[in-house]
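In: From the sequence below, what's the structure:
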Amino acid sequence: MTDTNFSGDPGDQDRRARENQAQRCANLKPAYDFIVCGAGAAGSVIARRLAENPACDVLLIEAGGSDEAEAVLDPALWPTNLGSERDWGFETEPNPHLDGRALSMSMGKGLGGGSSINVMVWARGHRSDWDHFAAQSSDPGWGYDAVLDIYRRIENWQGTPDPQYRGTAGPVWVQPARNPSPLAGALLDAAGALGIPRFDNPNGRMMEGAGGAAYTDMLVRDGRRHSLYRAYVQPLADRSNLTILTDTLVRRVLFNGSRAAGVEIERAGAIARITASTEIVASTGAINTPKLLMLSGLGERDQLAQYGIPLVQHLPGVGRNLQDHVSFGCTWEYREPLAPRNSGSEATLYWKSRPELETPDLLFCQVEFPVPSERTALRGVPAHGWTMFAGLAQPHSRGQVRLASADPSVPPIVDANMMSDPRDMEAARACVKLCRDLGNSDAFKPHVSREAIPGAGTDIDDAFLRDAAVTYWHQCGTAKMGLDDMSVVDATLAVHGVEGLRVADGSILPRVTTGNTQAPCAIIGERAAQMLRGKHGLQ
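Out: Alright, predicted model coming up:
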């Protein structure tokens with residue numbers, strides 16, 4: 001696959017794209033070659049790669065709306081998307097392991113999905129993640145060396161040249177944080193004082209060993225968010241073989257026997273059916289994808305029977321294996337107010353909870369404003385402060401997504417089950433201790449006046465950890481790739497036991513990656529597209 005260079009006036013291309021899509025959506029066809037459900041990080045990649053072949057007629061369906069909003073495009077405004085119409089707004093079940101707390105589970109809704117509302121961090125994951133995926137799938141194409149080749153091909157890296165690890169000719173504009181806050185530099189200095197190595201960037205050698213610290217890589221171009229939708233789909237939106245259908249809910253996948261034949265959609269209050277002559281891709285995220293599969297007859301037979309859903313294929317792993325990074329924020333008060341820069345998160349750190357570990361199991365993001373939980377906020381939030389948003393990069397706890405109804409408009413039950421494994425509580429104690437060692441170090445003394453949360457001299461007990469725990473919104477694992485009885489897709493991302501249907505989003509990951517999940521989802525999209533194009537002779 002090669003990347004097409006687009007020339008001409010961008011404004012003219014935007015105008016043509018709007019006119020083209022308005023015409024295509026007003027004149028929907030009854031059938032397309034490929035239907036991609038979800039225009040998020042992975043779905044955007046797949047739609048682009050398929051539509052590059054002019055012989056492919058591609059329909060990209062998105063439940064949310066346009067990304068043309070200042071809250072999306074201005075990197076500093078990303079927090080305002082949480083809880084807005086661009087957020088699915090899921091909430092977990094009350095968790096006994098968090099003293100009965102129910103956590104919000106934000107997930108992007110709109111063109112770009114999570115890549116349009118997240119913190120824009122580009123984090124590839126650790127070598128061990130990808131080699132684990134290769135082992136689980138028995139496919140070396142998921143291994144680190146193969147994936148590194150894809151990363152080099154898709155990146156347009158704007159930092160110090162590093163041809164061994166970074167590419168410069170791809171569609172994804174990646175740059176280091178520009179003119180970062182002195183607070184970000186303080187984190188790197190504090191890490192160095194504790195013996196944690198510093199690297200030029202977080203997406204190369206740093207993620208092949210024990211970890212380290214670096215300025216963040218982010219998807220920001222010319223001061224604006226450069227989501228994966230903007231990187232991949234927008235340049236092709238004026239093409240006649242690509243239809244981008246927004247504000248449209250995919251209610252279920254329709255089957256002809258064991259073959260996926262089309263989708264049932266709801267748009268402007270009307271329900272319709274559209275068929276796919278070649279394949280359908282479910283790319284709706286780790287909460288919505290298992291829901292869609294179950295509503296379509298794919299899942300644990302007893303659960304489907306409970307809601308009167310005809311069984312197409314018994315797949316007990318659908319909705320199981322839910323994972324997410326869990327964070328425990330510690331907050332400090334500024335000596336003098338410091339305005340956030342870029343996205344407000346410009347330095348990152350990966351390290352180990354125990355020295356004998358070979359790979360990092362802790363994830364730290366410096367955030368230039370207070371980020372308490374609803375419980376820790378009761379300890380007093382400073383008017384001006386910053387947070388060490390730090391948590392578990394490899395949690396052991398597993399949750400589940402279940403149906404609440406056969407009605408597609410009803411949200412599923414999300415039982416995150418965070419901190420249920422005692423090993424996670426042990427790692428959390430080490431995580432918060434390292435937070436405090438960093439934040440209270442000499443490097444931060446010019447910038448902070450006091451530790452506000454948990455509070456200077458306060459002991460860290462399990463009650464604080466349960467009160468402080470929040471999600472990174474990195475949900476994954478609920479339709480995992482593999483060969484065992486609980487796997488949902490194979491190495492080609494084809495759903496076990498049926499034909500014409502693949503899953504391509506964070507739900508296929510056997511375990512959460514070590515770091516933010518946006519970049520790994522781009523790889524999932526590239527791998528899915530590569531296999532689709534190969535199978536159907538579209539190279």
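In: gap between the two ends of stretch 471-486?
Out: End-to-end distance of stretch 471-486 (CA to CA, to the nearest Å): 25 Å.
In: same question for it, mean pLDDT?
Out: What stretch 471-486 shows for mean pLDDT is 97.
In: Assumed Arg152 was part of a strand.
Out: No: under DSSP: H, G, I helix; E, B strand; the rest coil, Arg152 sits outside any strand and is assigned helix.
In: okay, now it: neighbour count?
Out: By other CB atoms under 10 Å, the residues close to Arg152 number 18. From N, CA and C alone the C-beta is placed, and that goes for glycine too.
In: Under the pLDDT cut-off, which ranges of the stretch 251-400 of the chain? List them.
Out: Along the stretch 251-400 of the chain, no part satisfies pLDDT under 70.
In: now do the stretch 51-200 of the chain
Out: Using pLDDT under 70, the stretch 51-200 of the chain has no residue that qualifies.
In: Equivalent analysis for the stretch 401-539 of the chain, please.
Out: The model of the stretch 401-539 of the chain has no residue with pLDDT under 70.
In: Any figure for the gap between the residue of the chain most remote from its centre and Arg436?
Out: Distance from the C-alpha centroid of the chain, by CA atoms, centre = their mean, peaks at Gly457 (36.2 Å). Plainly put, Gly457 is 11 Å away from Arg436 if you go by CB to CB, to the nearest Å.
In: Tell me who's in contact with Pro316.
Out: By CB atoms under 8 Å, 6 or more residues apart in numbering, the contact set of Pro316 is 299-300, 485-486.
In: run the last query once more with 6 Å
Out: Glu300 (CB atoms under 6 Å, 6 or more residues apart in numbering).
In: repeat for Glu264
Out: The contact partners of Glu264, by CB under 6 Å, 6+ apart, come to 251-252, 254, 273.
In: if we can go back for a sec, return every residue with contacts to both of Gly457 and Arg436.
Out: The contact sets of Gly457 and Arg436 do not overlap (CB under 6 Å, 6+ apart).
In: Need the pLDDT of Gly204.
Out: 93.
In: What is the neighbour count of it?
Out: 18.
In: thinking again about what came up before, please tell me how far the residue farthest from the centre of the chain sits from Cys330.
Out: For Gly457 relative to Cys330 (CB to CB), the value is 14 Å.
In: Go through stretch 369-384 and flag the buried ones.
Out: Going by neighbour count (16 or more other CB atoms under 10 Å), the buried part of stretch 369-384 is 369-373, 375-376, 379, 381-382.
In: Closest one to Gly112 out of the contacts of Glu264, please.
Out: Arg251 (22.3 Å; CB to CB).
In: Pull the residues that contact the host helix or strand of Trp173.
Out: Here Trp173, judged by DSSP states H and E, is contained in strand 172-176. With contact meaning CB under 6 Å, 6+ apart, strand 172-176 is reached by 122, 154-159, 215, 217, 221, 226, 231.
In: Please render those residues as TSV that adds secondary structure to the earlier fields.
Out: Shown next, in TSV, are the contacts of strand 172-176 (three-state DSSP):
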residue	secondary structure
Trp122	coil
Ile154	helix
Glu155	strand
Asn156	strand
Trp157	strand
Gln158	coil
Gly159	coil
Tyr215	strand
Asp217	strand
Arg221	strand
His226	coil
Ala231	helix
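In: Look up the closest residue to Gly167, ignoring the ones flanking it.
Out: Closest residue to Gly167 apart from its sequence neighbours, by CB to CB, 6 or more residues apart in numbering: Arg152 at 3.7 Å.
In: And for Pro290?
Out: Closest to Pro290 by CB to CB, 6+ apart is Gly319, at 3.9 Å.
In: Against Asp222, how distant is the one you found?
Out: Applying CB to CB, the value for Gly319 to Asp222 is 41 Å.
In: Please report how far Leu188 lies from Thr216.
Out: Distance, Leu188 to Thr216, by CB to CB: 11 Å.
In: more crowded one of these two?
Out: Shown here are Leu188 and Thr216; by other CB under 10 Å, Thr216 has more neighbours (26 against 22).
In: show me the contacts for the more buried one.
Out: Thr216 sits in contact with 121, 177, 346, 348, where contact means CB under 6 Å, 6+ apart.
In: didn't Val312 look like it was pressed against Gly297?
Out: Yes: if you go by CB atoms under 6 Å, Val312 and Gly297 touch, sitting 3.4 Å apart.
In: what about stretch 45-62, distance to the chain center?
Out: With CA atoms, centre = their mean, to the nearest Å as the basis, stretch 45-62 stands 21 Å off its chain's centre.
In: Could you chop this protein up by domain?
Out: Using automatic domain parsing, the domain parsing of the chain gives 20-68+228-319+478-535, 178-215+325-472.
In: Output these in a markdown table, with distance to Asp145 appended to each entry.
Out: As requested, the domains of the chain are arranged in a markdown table below (distance: least, CB to CB, whole Å):
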| stretch | distance to Asp145 |
| --- | --- |
| domain 20-68+228-319+478-535 | 13 |
| domain 178-215+325-472 | 11 |
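In: Buried deepest among these, which one?
Out: With neighbours taken as mean count of other CB atoms under 10 Å, the domains of the chain reach their highest mean count in domain 20-68+228-319+478-535, at a mean of 22.
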